[in-house]
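Visitor: Here is the input, now give the coordinates:
(one chain, ligands or ions: 2)
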Amino acid sequence: MVEAFAVASGKGGTGKTTATLALGMALAEEHDVTIVDADTGMANLLFHAGLEDVETTLHDLLMAERDVPVEKAVYDRHGLSVVPCGTSLADFESAEPERLREVVAILAENTDVLLLDSPAALGSKSAVLPIVLADRVLPVLAPTIPALSDGLKVQEYASSYGTGTGGVLFNKVREESRMDTVVDRTERYFDGPVLGTVPECSAPHQARAAGKPLLSYAPSSPAAVAFTEAASELTIESGDSAAVAERFKSAVVPDRP
Ligand SMILES: Nc1ncnc2c1ncn2[C@@H]1O[C@H](COP(=O)(O)OP(=O)(O)O)[C@@H](O)[C@H]1O
Ligand SMILES: [Mg+2]
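Guide: Ligands and ions are numbered 1, 2, ... in the order given. Okay, here's the model as predicted:
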């Protein structure tokens, strides 16, 4: 039984990768979780997860001629299965984005929760596929009213492919007291709840510099606590693994978003 989420945003740098790893680790307390760096052009999950020296990554799986089995790019780390992506521009250019469908289909057979760390913009095939493939999208947004319109575009795009909204995560919140209006509007316009408002603090950056996940480096930091609470707000709605895998394999890849 599996449910797939795309951790997405309108803009870069909102904290998608940080959130993917933190939500993944928190959800791993109860579920079998796999996280995938599907941001294949700007991959950075490998640095957050301490996997920068690994040999095989998602890029290899996305190139037919390399003929690498999926399990070679799956690493058991931090209580999760982690599929990192490499950072070579040449590999990104040789990768065939469509192959993500088969990769995700195979991963779906062996896990309960799949989190796809997704690219920011919606401008290309590789950028939109994670959102098309996922059951639900989790927008990670800056805590401002303008950021809501980015999130709504992601939601609109997702819903045009039958992908629902799992909930919105606000990250790098400076003043909790100013969040009321933002949260009110979010609950009015989004199809999912506000899962959490994660404060800005020094721990995520320090953890990233140490090559460790936030939840193991500084589990009691304000951001780690907020991500953990956000994960507990998310109810997993598992679909039958075989049916989900079949859906991934046959997903129509949009030519243009
Ligand atoms: N709650 C937070 N407080 C402070 N810094 C944060 C927080 N969340 C993420 N960051 C930092 O912001 C930067 C971008 O985060 P990242 O997760 O890589 O974003 P994205 O994947 O959306 O591009 C990183 O340096 C990260 O350490
Ligand atoms: Mg990222």
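Visitor: Number of residues surrounding residue 106?
Guide: Other residues near residue 106 come to 17 when the count uses other CB atoms under 10 Å. Bear in mind the C-beta positions are built from the backbone N, C-alpha and C, glycine included.
Visitor: Test my guess that it contacts residue 73.
Guide: No. Checked against CB atoms under 8 Å, the pair residue 106 and residue 73 is beyond contact range at 10.6 Å.
Visitor: what about the helices in the protein?
Guide: 16-27, 45-48, 58-61, 89-94, 100-108, 125-133, 145-160, 179-189, 203-209, 214-217, 222-233, 241-249 (DSSP state H).
Visitor: Tell me which of those lies nearest to residue 83.
Guide: Nearest to residue 83, of all those, is helix 58-61, at 5.5 Å by CB to CB.
Visitor: ok, and what's touching the closest one?
Guide: Residues outside helix 58-61 that contact it (CB atoms under 8 Å, 6 or more residues apart in numbering): 36-38, 40, 43, 66, 68, 70, 72-73, 83-86, 88, 91-92, 95, 99-100, 103.
Visitor: Which members of those occur in strands, if any?
Guide: Among the contacts of helix 58-61, DSSP state E puts 36, 37, 83 in strands.
Visitor: could you check the distance from the first one over to residue 3?
Guide: Yep, that's residue 36 we're talking about. From residue 36 across to residue 3, the span is 14 Å (CB to CB, to the nearest Å).
Visitor: Repeat that for the second one.
Guide: Distance, residue 37 to residue 3, using CB to CB: 19 Å.
Visitor: Neighbour count for the two, which is higher?
Guide: The neighbour count for residue 37 versus residue 3, taken as other CB under 10 Å, is higher for residue 37 (29 against 22).
Visitor: Go ahead and confirm the more buried one touches residue 115.
Guide: No. Counting by CB under 8 Å, residue 37 sits too far from residue 115 to count as a contact (10.1 Å).
Visitor: before we move on, back to that, which residues are in contact with both of residue 36 and residue 3?
Guide: With CB under 8 Å, 6+ apart as the test, residue 36 and residue 3 both reach residue 114.
Visitor: What distance do you get for residue 199 to ligand 1?
Guide: As for residue 199, its distance to ligand 1 is 6 Å (criterion: CB to the nearest ligand atom, to the nearest Å).
Visitor: again with residue 192
Guide: For residue 192, the distance to ligand 1 equals 19 Å [CB to the nearest ligand atom].
Visitor: What of residue 108?
Guide: Separation of residue 108 from ligand 1 (CB to the nearest ligand atom): 23 Å.
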